[in-house]
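Undergrad: The following block contains a protein sequence and its predicted model.
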Amino acid sequence: MSKIFVNNAWFYSFHGCLHEESVIGAEYIVNAVVEVDTGIAEKSDNLENTVDYVSIYGVMKKEMAKPAKLLETVLERMIVGIKNINKNIVTVEVGIKKLSPPIGGNVDSVELRKKV
């Protein structure tokens, strides 16, 4: 087993319950950890026998481009999309960090994480 990490993918997206968030948008940092059986790829040296990190990023980008009120919704869509990349995926963990959230205080970020 191996873990593929896609770290600190930056997006400007329009998620949130407040109307302003859907108009102004915000910065997000997304991280994913994908555990996959790489036994065949280790011997074959063939990209088709593993999970291409480009495809993981592609799911991240696609789901961050679809506005949603809740990060929970975006997170679940992302996990399902990543799991559908390859049948050899064992676990997927995704974290979505919203930078400078509008919560009435001086907060660097809020983050939602889920592992399936």
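TA: Good, I have the coordinates.
Undergrad: a helix runs through Lys3, doesn't it?
TA: No. Assessed with DSSP: H, G, I helix; E, B strand; the rest coil, Lys3 is strand; it does not lie in a helix.
Undergrad: so it touches Val34, yeah?
TA: Yes. Using Cβ atoms under 8 Å, Lys3 is in contact with Val34, at 6.9 Å. Every C-beta, even on glycine, is put in place using the N, C-alpha and C of the backbone.
Undergrad: next one: the helix or strand of the chain with the lowest mean pLDDT to chain centre, how far?
TA: When the helices and strands of the chain are scored by mean pLDDT, DSSP states H and E, helix 19-24 comes last with a mean of 88. Centroid separation for helix 19-24 versus its chain: 21 Å, with Cα atoms, centre = their mean, to the nearest Å.
Undergrad: for stretch 103-113, same thing?
TA: Remark: stretch 103-113 is offset 18 Å from the chain centroid, using Cα atoms, centre = their mean.
Undergrad: Which positions in that stretch come out as buried?
TA: Glu111 (16 or more other Cβ atoms under 10 Å).
Undergrad: Kindly report the same for stretch 84-104.
TA: Buried, per 16+ other Cβ under 10 Å, within stretch 84-104: Ile85, Asn86, Asn88, Ile89, Val92, Glu93, Val94, Ile96, Lys97, Lys98, Pro101.
Undergrad: Endpoint to endpoint, it covers what distance?
TA: 38 Å (Cα to Cα, to the nearest Å).
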